[in-house]
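# Fold the following for me, if possible:
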Amino acid sequence: MTMQKAFMQNSTSDSTNTTPSAQTPSGGILVGLIRLMRLHQWSKGIFVLIGPLFALSDGKLQTMPRSELAIAVFSTFLGFCLAASGCYIFNDMADVERDKAHPRKCKRPLASGQVPLGIARIFGIMLLIISLASVFGVPSELRIWVLGLLVVYIANVMLYSGGLKHIVIVDVLCLSSGFVIRVLGGCAAVGITPSTWLLNATLFLSMFLAFGKRLGERRHMGSDEAAMAARDVQQHYTDQMLRMFVVVTGVATLLTYISYVQSRHDDFVYTFATRQGSLDESFGFNLMWVTVAPATLALLRTITLLMRGRYDDPTEIALKDNMVRLAGLVFVASTVIVLWIHLNPA
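Predicted coordinates:
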C-alpha cells in the first residue's frame with residue numbers, strides 16, 4: 001500500500017513538472033527564430049510604399065527609371081521590416097520575465113524557452129546590421145537619408161523598449177512615430193516630399209492602432225489586473241479613456257483622409273461627356289471618393305471587434321477578420337484602379 005502511494009505521488013510530481021514543457025511551442029530553435037521575427041508584422045511595411053505610390057500617380061517620378069525605382073522602394077521596405085524584426089527581438093528580451101506570467105505571451109519563443117537568450121541576441125544584431133545594409137539598394141544621392149531614418153527608427157524603438165513604453169500617452173506617440181518614419185523613409189528612397197495630409201493621416205491611423213491594441217488587451221483579458229500584468233502602462237489607462245482615444249483617433253483618421261480626397265478633387269475627377277441636341281453637357285465626380293466607403297467600413301468594424309474583446313491587436317483583426325480583409329482588399333483595388341485611370345486618361 002505504501003509503495004503504491006509513493007508511486008502515485010511520483011506520477012503526480014512528474015506530471016506537474018512536465019506542464020511547462022507541454023506549453024512550449026513545437027519546433028526547434030530555427031522555428032523559434034522565425035517566430036521571433038514576427039513576419040506577420042511586416043504588413044506594417046506597407047507604409048513605406050504609400051508615398052512612392054501616390055507620387056507615381058502625380059507624375060513626380062517620371063525621371064527615375066522604373067527598375068531603379070522598384071529596387072529603391074523594395075530595399076527600403078525590406079530594411080524597415082528587418083529593423084522591426086530585430087527590435088521586436090530586443091523588446092521580447094526585455095519583457096521575457098513579464099511574458100512568462102502572461103496567459104498568451106508565455107508561449108513566445110523566449111518566454112517558453114524555445115530560443116536561448118544568447119542566440120536571440122546574436123540573431124537580433126544580425127537583423128539590424130542587414131537592415132542598415134539594405135540602403136545600398138537606394139540611389140547613392142538618397143542613401144544617407146534612408147540610412148538616417150532607419151537609425152532614427154531603431155533608436156525610437158529601443159527607447160520605447162527601454163522605458164518610454166511605461167509612460168502614458170508617450171508610449172503611443174513612440175509607436176506612431178515608427179509609422180511616420182516608415183512613410184518618410186519611403187519618400188526619401190525616391191527623393192520626394194511627403195504631403196502634410198499623408199503625414200497627418202499616418203499619425204492618426206497609427207495612434208488609432210496603438211490605442212486599439214491597449215483597449216483590446218484589456219477587453220480580451222477581462223480584468224484590469226491581468227492587463228496591468230502584461231503592460232505596466234495599463235495602470236495609467238482606463239477602459240473609458242481608451243475607448244475615447246480610439247474613437248477620437250479613428251474619427252481623426254477618417255476626416256484627414258476624406259480631407260485629402262477632397263483636396264485632390266481636380267486631379268481625380270472623371271468626366272462623362274454627353275451630347276443632347278446642340279448642347280455639350282458633362283457629368284463627373286471625384287473617383288477617389290469611392291475609396292472612402294471601404295476605409296470607413298474597415299475602421300468601424302475594427303472598433304467593434306476591439307470593444308467586444310475578440311482580438312487584442314488591430315493588426316491581427318486586419319489579418320483574420322473576413323469583413324476587414326474584404327474592406328481592405330476593396331480599398332486597395334479601388335485605389336489602384338483610380339490611380340491607373342488617372343495615369344491613363346482616355
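# what are the ranges of the helices in the stretch 101-250 of the chain?
Counting by DSSP state H, counting those that start in this stretch, the stretch 101-250 of the chain has helices at residues 117-133, 140-162, 170-190, 196-221, 224-230, 239-263.
# Make CSV out of these and add mean pLDDT, distance to residue 34 and mean neighbour count.
From N, CA and C alone the C-beta is placed, and that goes for glycine too. Converted to CSV, the helices of the stretch 101-250 of the chain look like this (pLDDT from 0 to 100; distance: least, Cβ to Cβ, whole Å; neighbours: other Cβ atoms under 10 Å):
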stretch, mean pLDDT, distance to residue 34, mean neighbour count
helix 117-133, 93, 10, 16
helix 140-162, 93, 20, 17
helix 170-190, 94, 22, 23
helix 196-221, 85, 23, 22
helix 224-230, 53, 24, 17
helix 239-263, 90, 32, 17
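# So which of the ones you listed is nearest residue 106?
Closest approach to residue 106 among those (Cβ to Cβ): helix 224-230, 10.7 Å.
# Quick check: nearest residue in space to residue 331, chain neighbours excluded?
residue 294 (4.1 Å; Cβ to Cβ, 6 or more residues apart in numbering).
# what's the answer for residue 172, then?
Using Cβ to Cβ, 6+ apart, the closest residue to residue 172 is residue 210 (4.3 Å).
# And that neighbour, how far from residue 136?
Separation of residue 210 from residue 136 (Cβ to Cβ, to the nearest Å): 32 Å.
# so what's residue 313 scoring on pLDDT?
Listed pLDDT for residue 313 reads 79.
# got the contact list for the residue nearest to it when sequence neighbours are not counted?
Nearest residue to residue 313 in three dimensions, chain neighbours excluded: residue 213, at 5.1 Å (Cβ to Cβ, 6+ apart). By Cβ atoms under 8 Å, 6 or more residues apart in numbering, the residues touching residue 213 are 312, 313, 314, 315.
# Tell me the one of the residues you listed nearest residue 257?
For the contacts of residue 213, the nearest to residue 257 is residue 314 (16.3 Å; Cβ to Cβ).
# gap between the closest one and residue 211?
9 Å.
# How about the contacts made by the nearest residue to residue 177 once chain neighbours are set aside?
Leaving aside its sequence neighbours, residue 177 sits nearest to residue 156 (Cβ to Cβ, 6+ apart; 5.4 Å). Residue 156 sits next to 174, 177, 178, 181 when contact means Cβ under 8 Å, 6+ apart.
# which ones are touching the third one?
So that's residue 178. 84, 153, 156, 157, 206.
# how does this protein divide into domains?
30-193, 195-346 (automatic domain parsing).
# and the last one, how far out from the chain's middle?
When you say that, I think you mean domain 195-346. 13 Å (Cα atoms, centre = their mean, to the nearest Å).
# Distance-wise, check the residue nearest in space to the middle of the chain relative to residue 198.
Nearest to the mean C-alpha position of the chain, counting by Cα atoms, centre = their mean, stands residue 44 at 3.4 Å. According to Cβ to Cβ, residue 44 and residue 198 sit 16 Å apart.
# same question for the lengthiest helix in the chain, mean pLDDT?
Identified as the longest helix of the chain according to DSSP state H is helix 66-94. If you average the pLDDT over helix 66-94, you get 91.
# for that helix, which positions count as buried?
If you call a residue buried by 16 or more other Cβ atoms under 10 Å, then helix 66-94 has these buried ones: 69, 71-73, 75-92, 94.
# Can you go through the contacts of residue 213 and name the buried ones?
The buried subset of the contacts of residue 213 - by 16+ other Cβ under 10 Å - is 312, 313, 314, 315.
# how near is the residue nearest to the third one when sequence neighbours are not counted to residue 185?
By that I understand residue 314. Excluding the flanking residues, the one nearest residue 314 by Cβ to Cβ, 6+ apart is residue 212, at 4.3 Å. As for residue 212, its distance to residue 185 is 24 Å (criterion: Cβ to Cβ).
# Equivalent analysis for residue 343, please.
Separation of residue 343 from residue 185 (Cβ to Cβ) stands at 24 Å.
# Which pLDDT does the model give residue 232?
We have a pLDDT of 68 for residue 232.
# Of the helices of the stretch 101-250 of the chain, which is nearest residue 105?
Nearest to residue 105, of the helices of the stretch 101-250 of the chain and by Cβ to Cβ, is helix 224-230 at 7.0 Å.
# coming back round to it: can you give me the distance of the residue nearest to the centre of the chain to residue 343?
27 Å.
# residues touching the residue nearest to the centre of the chain, list them.
Residue 44 neighbours (Cβ under 8 Å, 6+ apart): 84, 179, 182, 315.
# would you list those residues in TSV and tack on distance to residue 54?
Shown next, in TSV, are these (distance: Cβ to Cβ, whole Å):
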residue	distance to residue 54
84	23
179	16
182	15
315	23
